[in-house]
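1. what follows is a predicted structure for the sequence shown.
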Amino acid sequence: MGMHINDEEDFQTYLSSTINDKLNGICYPFLIIDKIKNRVAGSTRYGYLNSISEKCEIGWTWYGINFQGTGLNKACKYELLNFGFENIGFRRIQFSADQENIRSQRAIEKLGAKKEGVFRNNYIAPDGESRNDVYFSIIKEEWNEIKIAKFAEFV
């Protein structure tokens, strides 16, 4: 996410920033609920909302350790992609991951997103280091094929 949450104060700063960004139309955050356990599992969002270009980025996603590797992320991403393309009318939905975060890159590729390239010095990490991001996308014209190939269990 480009930030570290180490204590309650960090978490409150994260929440305040997220709510402020939502109020300013920059993002639309979601809580992720595990319906089986009836617990909050994490959070994600549509970010970098651009209504003129009909695009956004899905990201800023995190899950509690007990919810990682459970399939919840795939189900969540399906709902975000499906709603984004079929209800909102996005033409492009992008994803990004730190260049060194191979696990996230692989997860994004498993969704059917196409790797587009590396954005060098794309953000500054909490430690002040410049970081590179790898960008991926799915476009509207690809969605039906990807939906069937990658998300058949949800269709």
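-> Sure thing, it's come through.
2. only C-alpha atoms from now on, for both contacts and neighbour counts.
-> Noted.
3. give me the residues contacting the helix or strand of the chain with the lowest mean pLDDT.
-> Ranked by mean pLDDT, DSSP states H and E, the weakest helix or strand in the chain is helix 8-23, scoring a mean of 91. Identification of contacts with helix 8-23 by CA atoms under 8 Å, 6 or more residues apart in numbering yields 4, 5, 27, 28, 29.
4. so how far does stretch 58-75 reach from one end to the other?
-> For stretch 58-75, the first-to-last residue distance is 14 Å (CA to CA, to the nearest Å).
5. helix, strand, or coil at residue 75?
-> With DSSP: H, G, I helix; E, B strand; the rest coil as the basis, residue 75 sits in helix.
6. for residue 107, give its distance to residue 10.
-> 27 Å.
7. ok, residue 122 touching residue 131?
-> Yes. When contacts are counted by CA atoms under 8 Å, residue 122 is listed as touching residue 131 (6.0 Å).
8. of these two, which one has the most company?
-> Taking other CA atoms under 10 Å, residue 122 and residue 131 do not tie; residue 131 has more neighbours (16 against 13).
9. tell me the secondary structure for residue 25?
-> Assignment for residue 25 (three-state DSSP): coil.
10. give me the number of residues near it?
-> 13.
11. what do you get for residue 74?
-> Residue 74 is flanked by 18 other residues according to other CA under 10 Å.
12. hmm, it is touching residue 108, no?
-> No. Taking contacts as CA under 8 Å, residue 74 lies outside contact range of residue 108: 9.6 Å.
13. buried members of the contacts of helix 8-23 into PyMOL, please.
-> Entered in PyMOL, the line below selects the buried ones among the contacts of helix 8-23, by 16 or more other CA atoms under 10 Å:
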select buried, resi 27+28+29
